[in-house]
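[1] Sharing a model prediction with you, sequence too.
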Amino acid sequence: MWRGLVLIVSALALPLAGSATPEEKPPPVEAGVKASAHKFVGVANCKLCHADDTTGNQYEQWKKSKHAGALRTLSSPGAKEIGAKLGIPDPSKDIKCLRCHVTGAEAPKSRKARTYKESDAVGCESCHGAGELYAKEEVFKQGKEAAMKLGLIEPTEQNCLGCHNKESPTFKEFDFKKRFEEVKHPNPKLKK
């Protein structure tokens with residue numbers, strides 16, 4: 001019961017989309033994270049079960065993705081040029097940039113397990129939620145529904161729009177269906 005109350009109170013503390021005044025820019029939705037105190041565990045934890053062909057090798061697919069390199073892009077000359085125009089001396093260290101280029105960047109240290117690494121950039125938990133409770137073999141042995149009860153998220157367009165929006169200085173029109181096809185990584189063991 002207390003846990004439910006904590007979730008409700010936490011949810012009330014989060015800004016609602018569109019609730020900011022025109023002067024304030026709302027922060028992006030922490031993609032894949034419901035108002036909870038679950039910890040981010042990092043990509044290495046996900047890799048334990050998602051790095052072989054029988055499960056679809058989602059880890060290798062992620063490693064080849066732009067999401068995996070999102071933090072590196074902030075150190076590029078182009079990012080530094082954009083940062084300079086926005087008064088950001090080092091985009092790779094500024095939360096205005098990190099919040100979309102690093103999973104859980106805005107989360108307090110208490111929500112980051114010792115396995116969490118900023119260098120993971122936009123990792124699994126950015127779309128699927130902080131994995132402390134669900135990212136365990138014993139949970140997945142019970143099935144996807146069990147994992148979802150413990151915080152696993154099926155990403156939606158809304159998750160993506162937390163960062164892929166007009167607030168980004170490099171925004172290009174975002175076609176969710178097209179982009180989803182580029183990043184999807186189904187597990188052949190799971191039936192729909």
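    Arrived safely, thanks for sending.
[2] what residue lies at the spatial centre of the protein?
    Ser126 (1.1 Å; CA atoms, centre = their mean).
[3] quick one, what contacts Ala70?
    Residues in contact with Ala70 (CB atoms under 8 Å, 6 or more residues apart in numbering) are Cys100, His101, Val102, Ala121, Val122. C-betas here are computed from N, CA, C, even on glycine.
[4] separation between the fourth one and Glu173?
    This means Ala121. With distances taken as CB to CB, to the nearest Å, Ala121 is found 23 Å from Glu173.
[5] now the helices: where do they sit in the chain?
    2-13, 43-47, 58-63, 70-73, 77-85, 95-101, 124-128, 137-140, 144-149, 157-161, 176-183 (DSSP state H).
[6] Out of these, flag the one nearest Thr115.
    Nearest to Thr115 among the helices of the chain is helix 43-47; the distance by CB to CB comes to 5.3 Å.
[7] got the CA positions of the closest one in CSV?
    The C-alpha trace of helix 43-47 is given here as CSV (Å, rounded to 0.1, in the frame of the first residue of the first chain):
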residue,chain,number,x,y,z
VAL,A,43,23.1,-1.6,-20.3
ALA,A,44,25.5,-4.2,-18.9
ASN,A,45,22.7,-5.6,-16.8
CYS,A,46,20.4,-5.9,-19.8
LYS,A,47,23.2,-7.4,-21.9
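[8] helices or strands next to it in the packing?
    helix 58-63, helix 124-128 (3 or more CB pairs under 8 Å, 6 or more residues apart in numbering; DSSP states H and E).
[9] Show me the contact partners of the shortest one.
    Under the contact criterion CB under 8 Å, 6+ apart, helix 124-128 has outside partners 31-33, 40-43, 46, 50, 58, 62, 67, 103-104, 131, 152-153, 155, 159-160.
[10] is it possible to export the contacts of Ala70 to a markdown table including distance to Leu71?
    As requested, those are exported to a markdown table (distance: CB to CB, whole Å):
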| residue | distance to Leu71 |
| --- | --- |
| Cys100 | 10 |
| His101 | 5 |
| Val102 | 6 |
| Ala121 | 4 |
| Val122 | 8 |
